[in-house]
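> Need coordinates for the below:
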Amino acid sequence: MRLRPILLALATLALSLTAPPAHAASATATFVKVSDWGSGFEGKVTVTNGTSTPMNGWNVQFDVPAGFSIPSAWDAVMSRSGQHYTFTTPSWASPLAAGASVSFGFNGSPGNFPGVSGCTLNGAPCGDSGEDPGGLGKVGGIRLTSATATSAALSWSAVPGATGYKVRLDGAAAVTVTGTSHTLTGLDPCSSHTVTITATDASGDGPAGDPFGFTTAGCQSGTLPRHFLTGYWHNFVNPAVELKLSAVPDEYDLIAVAFGEATATPGEVVFGVDPELATALGGYTDAQFRADVQALQQRGKKVILSVGGEAGRVQVASAAAATRFADSVYALMRSYGFDGVDIDLENGLNATYMGQALRSLRAKAGSGLIITMAPQTIDMQSTGMEYFKLALSIKDILTVVHTQFYNSGSMLGCDQAFAYSQGTVDFITALACIQLENGLRPDQVALGLPAGPGAANGGVVSPSVVTRALDCLAKRTGCGTFVPPRAYPDIRGAMTWSINWDASNNWSFSKTVKPHLQGMS
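Residues are numbered from 1 along each chain as shown. From the prediction side, this is the model:
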C-alpha cells in the first residue's frame, strides 16, 4: 500500500496552499524521487503556480533514461511515447490558484533511478525540475580499473568546471573525492554493487551520472576466464560438419557435449558416443572420446555434459528423480571426465526438484563443479518462469546462464516498451537486461547465438552483432535503440550453437567473438 507517500503528498499540498512563495514569478515543476527499493522507485512532481493568475490546467512532459519505465501514475493523466512521458491535469481538478502547488506521483522500474531530463511545463522549461541548474555535466566514462574480492577501484572522465565528485555506493551516503578515481573497500567477495557518481562545485551538485554496476572477485568460476566462449559439440549427425572432440579449436574455453539422454527411469541420464556419428567419423569409440576429453582439459579447456536439447525428454519432477539425476550424472562425470553439467531442457522443468538434483550433484562433485543453463528466451522473460526460478534458487553454485537468443520471434525486453525483433543488437541486449536487472550477477549471464547460417531457424546474426551487444552491455557503447540502465563490465561472455556449425561457416563466430572477449578482460 502507498499510504505514507500519499500522506506526504497531501501534507506538501496543504503547506503549499497556505504558504505560497513570496517572490516566484513563473510556474515551475519540480521532480523528487520519494523512494527507491532496488527493483523500482516512486517519483513525485510538484507543479507550482508562481504567477499572479490561476492556471487552467497543466501539462508536464519529460524523458526517462533508456531501460527505465513508468507503468502507473496517480493524480494525473499519463501517456507515453517511447521514453517520453506526458502528464496532464485530471478531469476532476480545479484551476490551480496563483501561488498554489499541486503534486502527482508515479511508480517506475527498475530501481536506482537517476532522474528525469528535458522537463517542460506547458511547453516551457520546468525551472526547478530536478535537473542541473548550474551547468555541470553528467559524469561519464566510468571504468572498473581493478577489483579484488573485497575492493574495487573506479575511474571516470573529468567534468569541466567540477571541483569534486560524490561517489554513492548502493544508495548509501556519498563519499566526496577531489580526483577522478576512487577505491571502494570493505566489500564482500562475489558481491554485486551499483555506483552513482555526481560532479559538484561551489554552486552545488550536477545531475547524477548513470548507474554503474560491477561485481567483486571471488565468484566460483571453475577456473574459467573472466570472459569466455562456450560452444556445443554434436554427438549426432546433421547437415553441419562432423568433428571429433579433439578437433575443437583453442578459441573455445567451455565445450558442452550435446547431449545426455533420458531413459525410461525418471531422472536417469545416460551417455555414449552416437553410433551414427562414430561411423561418419570413420570410427570413434568411447575410449577415444574419453582421451579427447582429457586432452582438451590438458589444453586448459573445460568439458561438460549438456542434458536435454530440443528432443530431450529428461524429467526431474520428484525427489526420487532428483536423486537419480544426481547419481547418474555424477557417474558419467567420473566415467568420462566431465567437469560439470549443462541444463538444456527445452520441454519444461521443475525448478524445485531440479534445484535439489543440482545441489546433490554439487555435494558429490565439490566446489569445482561447473553448472550452466541454456534456457530459451521465453524461459527467462520473468522471475516467475521455472527456468528463472531455478537460476535464482541455485545462484550460489551457478556458473552461468547462456540464454538462446534465437528461434524466438519478437519479444519484450527489460524496458517493457517494445517487442524487439530477434537478430538485432536491441533484442540481445534488452532481453539480457531482464536477467541482469532481476537477480543474476553479470558474471552469471552470457549471450547465446547461432554460429551462422543453418544453425537456427531465426535469429542468426553476424558475429559483429554479438561483439556489439557485448560492448553495449559491458560499456553502454555500440548500442542500438535500447541502452541498458547501467554498464555490466563483468558480463560473462558468449555461447554458440554450435562448434560444428561454426566449422561449417569457416569458424567465423569463434575467430571473431573470442578475440573480442579477450580484449574485454
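> CA atoms for contacts and neighbours, from now on please.
Noted.
> Could you pull up the contacting residues of the most centrally placed residue in the chain?
Geometric centre of the chain, nearest residue: residue 436, 2.2 Å, by CA atoms, centre = their mean. Shown in contact with residue 436 (CA atoms under 8 Å, 6 or more residues apart in numbering): 442, 445.
> so how far is residue 456 from it?
Using CA to CA, to the nearest Å, residue 436 is found at 25 Å from residue 456.
> One more: residue 396?
32 Å.
> Now do the strands in the stretch 1-150 of the chain.
With DSSP state E, counting those that start in this stretch, the ranges of strands along the stretch 1-150 of the chain come out as 27-36, 41-49, 59-63, 69-74, 77-81, 84-88, 101-109, 117-121, 124-125, 143-147.
> CA atoms only for the last one, dumped as PDB, please.
Taking C-alpha atoms only, strand 143-147 is exported to PDB below (Å, rounded to 0.1, in the frame of the first residue of the first chain):
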ATOM      1  CA  ARG A 143      35.600   2.200 -15.600                       C
ATOM      2  CA  LEU A 144      36.400  -0.600 -13.200                       C
ATOM      3  CA  THR A 145      40.200  -0.400 -13.200                       C
ATOM      4  CA  SER A 146      40.800  -3.300 -10.800                       C
ATOM      5  CA  ALA A 147      38.800  -5.500  -8.400                       C
END
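> what's next to the helix or strand containing residue 509, contact-wise?
When elements are assigned from DSSP states H and E, residue 509 belongs to helix 508-520. Residues outside helix 508-520 that contact it (CA under 8 Å, 6+ apart): 227-229, 251-252, 451-452, 462-464, 466-467, 493-494, 496, 502.
> list the buried ones in it?
508, 509, 510, 511, 512, 513, 514, 516, 517, 520 (16 or more other CA atoms under 10 Å).
> Go ahead and confirm residue 308 touches residue 256.
No. Residue 308 lies out of contact with residue 256 (CA atoms under 8 Å); the separation is 11.6 Å.
> More neighbours: which of those two?
Higher neighbour count among residue 308 and residue 256: residue 256, with 26 against 23, using other CA atoms under 10 Å.
> and that one, that's in a strand?
Yes. Checked against DSSP: H, G, I helix; E, B strand; the rest coil, residue 256 lies within a strand.
> I'd like the mean pLDDT over whichever strand or helix holds residue 503, please.
In the assignment (DSSP H and E), residue 503 maps to helix 499-504. Helix 499-504 shows a mean pLDDT of 97.
> Who is residue 79 paired with across the strands?
Beta bridges link residue 79 to residue 86 when assigned by DSSP bridges.
> What is the burial count for it?
By other CA under 10 Å, 13 other residues sit near residue 79.
> Just the pLDDT for it.
Reading off the model, residue 79 has pLDDT 89.
> give the contact list for residue 495.
Neighbours of residue 495 in contact, by CA under 8 Å, 6+ apart: 229, 230, 231, 402, 446, 447, 448, 449.
> Test my guess that residue 487 contacts residue 471.
No. Using CA under 8 Å, residue 487 is not in contact with residue 471; the gap is 9.2 Å.
> Now do the shared contacts for the two.
With CA under 8 Å, 6+ apart, residue 487 and residue 471 have no common neighbours.
> How about residue 314, nearest residue that isn't a chain neighbour?
Nearest non-adjacent residue to residue 314, counting by CA to CA, 6 or more residues apart in numbering: residue 262, 4.8 Å away.
> That should have said residue 269, apologies.
According to CA to CA, 6+ apart, the nearest residue to residue 269 is residue 262 (5.0 Å).
> same question, residue 423
residue 459 (4.1 Å).
> and that neighbour, backbone torsions?
For residue 459, the backbone dihedrals (degrees, to the nearest 10) come out as phi 90, psi 10.
> residue contacts, it?
405, 406, 407, 408, 409, 422, 423, 424, 449, 450.
> And residue 5, what's its pLDDT?
Here, the pLDDT recorded for residue 5 equals 40.
> With the one 5 residues further on instead?
Residue 10 is assigned 35 on the pLDDT scale.
> again with residue 60
Residue 60 is given a pLDDT of 92.
> which residues does it contact?
Residue 60 sits next to 29, 86, 87, 88, 119, 120, 121, 122 when contact means CA under 8 Å, 6+ apart.
> rerun that using 7 Å as the cut-off
Applying CA atoms under 7 Å, 6 or more residues apart in numbering, we find residue 60 in contact with 86, 87, 88, 120, 121, 122.
> Same question for residue 452.
Taking CA under 7 Å, 6+ apart, one finds 460, 461, 501, 502, 505 in contact with residue 452.
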